[in-house]
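In: Here is a sequence together with a model predicted from it:
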Amino acid sequence: LHSVPHLGLRLQPVNSTFNPGDESYQESLLFLGLVATVCLGLNLIFLVAYLVCACCCQQDDAVQTKQRHSCCITWTAVVAGLVCCAAVGVGFYGNSETNDGVYQLMYSLEDANHTFSGIDALWLSYLLLFILDLVICLMACLGLAKRSKCLLVSMLCCGALSLLLSWASLAADAAAAVATSDFCVAPDTFILNIMEGQISTEVTRYYLYCSQSGSSPFQQTLTTFQRALTTMQIQVAGLLQFAVPLFSTAEEDLLAIQLLLNSSESSLHQLTAMVDCRGLHKDYLDALAGTCYDGLQGLLYLGLFSFLAALAFSTMICAGPRAWKHFTTRNRDYDDIDDDDPFNPQAWRMAAHNPPRGQLHSFCSYSSGLGSQTSLQPPAQTISNAPVSEYMNQAMLFGRNPRYENVPLIGRASPPPTYSPSMRATYLSVADEHLRHYGNQFPA
C-alpha cells in the first residue's frame with residue numbers, strides 16, 4: 001500500500017513518507033476518502049438509472065418469462081445474501097485482528113493509554129454494522145419467501161442506509177491502511193523526526209536499535225556515580241573504624257550516612273536495569289508488530305468487508321423492483337379467479353369450515369354395462385361451491401362404477417391450473433349438454 005500514488009487535492013504528487021503533521025500528507029489521505037465518495041456517487045447514479053429503467057420498461061406477460069424472472073430474482077437475492085454473509089465473516093475477522101493489534105500497541109505503551117480511549121467505540125461500531133447487515137439479509141430472505149411487500153420495502157431502505165455506511169467505512173479503512181503502511185515502511189525515521197529537539201538523537205537511536213556492540217549513552221554517567229558511591233562508602237567505613245573510639249557521639253550520624261549510601265547503591269542498580277535498552281526495545285518491537293501486522297491486516301479485511309457489503313446491497317437494491325413487479329403480477333393473476341370456482345384453492349380451504357350450500361351437477365358418464373340400472377334417472381341438481389370430493393360422493397348415486405371422463409384432475413389431490421370465469425362458463429355449458437344427453441337415454 002505504500003506504493004499507492006499519493007496525490008493532493010489538486011492532483012499534484014505528494015511525498016509518501018509518513019508525516020501526519022504535514023498538510024500535504026493529510027490531503028493525500030483525504031484524497032483517498034474522496035475517491036471512495038466518488039465511487040459511492042457513481043454507484044448511486046447506476047442504481048437510480050437501473051430503478052428508473054426497471055419501473056418504466058414493459059414486462060412480458062408470458063408464463064415462462066415470469067417463471068424465469070422469478071427464478072432469476074430468487075437466485076440473485078440468494079447469491080447477494082451469501083456474499084453479504086461472507087463479507088460479515090471477513091469483517092468479524094478483520095475487526096478482531098485490528099482490535100488485537102491496537103491492544104498490543106496499548107500494552108506496549110501503557111503510558112499512552114488515554115490516547116486510545118476510542119478503540120472500544122470503534123470496535124462496537126463495526127459490530128453494530130455487522131449485525132445490521134445480517135438483519136437486512138434476513139429481511140430479504142423472509143420478504144422473498146413470504147412475498148411480503150412490507151419486508152421488501154424495509155429491506156430496500158435499510159439496504160440503502162447500509163450501502164452509504166459501507167462506502168464511508170471503505171473510505172476510512174483505505175485512508176487508515178495507507179497511512180499505517182507508510183508508517184511501517186520507515187517507523188524509525190518518523191520517531192527520530194518526532195523526538196528531534198526533545199530527546200538526544202543518541203538516546204533515541206540507542207532505544208530504537210539496541211545494538212549489542214554499541215555502548216549506552218548513560219554508561220559514563222552511571223559509572224561515575226558508582227565510583228563516587230564506592231569512594232564515599234570507603235571513607236565512611238574508615239571513619240567508623242578510627243573516629244568512633246575518639247568521638248563516640250559521631251557513631252550514630254556515621255551509621256545513618258552509611259545506610260543512606262547503601263540505599264543509593266541499590267537504587268543505582270535498579271536505575272541501571274531500567275535504562276537498559278532491551279526492555280524498551282522489546283516493547284517497541286511488540287508495538288510495531290501489533291500495528292504493522294495485526295492492525296494493518298485487520299484494516300485490509302475491514303476494507304474487503306466494506307466493498308463486498310456495498311456490492312451485495314447494490315445487487316439487492318437492483319433485485320428489489322423486479323421482485324415488487326413479480327409480486328404485483330402474481331396478485332393480478334389471482335384477481336381473475338372466480339370465488340365460486342370449486343377448483344379455487346381458496347374454496348377448498350373455505351369448504352373445510354363452511355357446510356355445502358347445495359347439490360352438485362354430476363359430470364359422470366355412466367357405463368354401458370349397468371343393466372337393470374338403466375331405468376334410473378339422475379335427479380336434477382343445482383350448482384354449488386362444494387369441493388371436488390362431493391362430486392365423487394354424489395356420483396356414486398348413479399352407478400357402482402362411475403367414470404369421471406368429464407371431470408379432469410379429480411383423481412389428483414390438487415386443483416387444475418388457474419383459469420378465468422369465461423373458461424369456467426364454457427366448462428359448465430359442456431357439462432349441461434352431457435346431462436341433457438344422458439337424460440334422453442334414460443327417460444323417466
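Out: Okay, I see it.
In: Give me the buried positions along the host helix or strand of Val135.
Out: Secondary structure assignment for Val135, by DSSP states H and E: helix 119-146. The neighbour-count check on helix 119-146 (16 or more other Cβ atoms under 10 Å) flags 126, 129-130, 132-133, 136-137, 139-140, 143-144 as buried. C-betas here are computed from N, CA, C, even on glycine.
In: mind giving me TSV with those and columns for pLDDT?
Out: As requested, the buried residues of helix 119-146 are exported to TSV (pLDDT from 0 to 100):
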residue	pLDDT
Tyr126	74
Leu129	77
Phe130	76
Leu132	79
Asp133	77
Ile136	78
Cys137	77
Met139	78
Ala140	76
Gly143	73
Leu144	72
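In: Which one of the residues you listed is nearest to Gln12?
Out: Ranked by distance to Gln12 (Cβ to Cβ), these are led by Tyr126 at 33.9 Å.
In: ok so, going back, I'd like the mean pLDDT over the helix or strand following the helix holding Val135, please.
Out: Per DSSP H and E, the first helix or strand lying C-terminal to helix 119-146 is helix 149-185. Averaged across helix 149-185, pLDDT comes to 84.
In: And helix 149-185, what does it pack against?
Out: Helix 149-185 sits against helix 23-56, helix 119-146, helix 296-334, with contacts defined as 3 or more Cβ pairs under 8 Å, 6 or more residues apart in numbering; DSSP states H and E.
In: Give me whichever of those is most buried.
Out: helix 296-334 (a mean of 20; mean count of other Cβ atoms under 10 Å).
In: which stretches of the protein aren't confidently modelled?
Out: Low-confidence segments of the chain (pLDDT under 70): 1-3, 16, 19, 54-55, 57-78, 81, 95, 99-123, 214, 323-444.
In: Domain ranges for it, per the record?
Out: 7-54+73-185+282-334, 217-275 (the TED database).
In: hang on, isn't Leu239 packed against Leu254?
Out: Yes. Between Leu239 and Leu254 there is a contact at 5.5 Å, judged by Cβ atoms under 8 Å.
In: The helix holding Val135 versus helix 149-185: what angle between them?
Out: 150 degrees (axes from the mean of the first three to the mean of the last three Cα atoms, to 10 degrees).
In: For helix 119-146, enumerate the helices and strands it packs against.
Out: By 3+ Cβ pairs under 8 Å, 6+ apart, helix 119-146 packs against helix 63-108, helix 149-185, helix 296-334.
In: hmm, back to that, closest one of the buried residues of helix 119-146 to Ala168?
Out: Nearest to Ala168, judged by Cβ to Cβ, of these is Leu129 at 10.1 Å.
In: What count of nearby residues applies to the residue lying closest to the closest one once chain neighbours are set aside?
Out: Closest residue to Leu129 apart from its sequence neighbours, by Cβ to Cβ, 6 or more residues apart in numbering: Leu165 at 6.0 Å. The burial count assigned to Leu165 is 19, neighbours taken as other Cβ atoms under 10 Å.
In: I'd like the distance between Leu165 and Leu156.
Out: According to Cβ to Cβ, to the nearest Å, Leu165 stands 15 Å off from Leu156.
In: Could you do Gly143 as well?
Out: Distance, Gly143 to Leu156, by Cβ to Cβ: 9 Å.
In: cool, Ile257 as well?
Out: From Ile257 to Leu156 the distance is 85 Å (Cβ to Cβ).
In: Looking at the two, which is more packed in?
Out: Leu156 (23 against 16).
In: list the contacts for the closest residue to the more buried one other than its chain neighbours?
Out: Leaving aside its chain neighbours, Leu156 sits nearest to Gly320 (4.7 Å; criterion: Cβ to Cβ, 6+ apart). Gly320 makes contact with 152, 155-156, 159, according to Cβ atoms under 8 Å, 6 or more residues apart in numbering.
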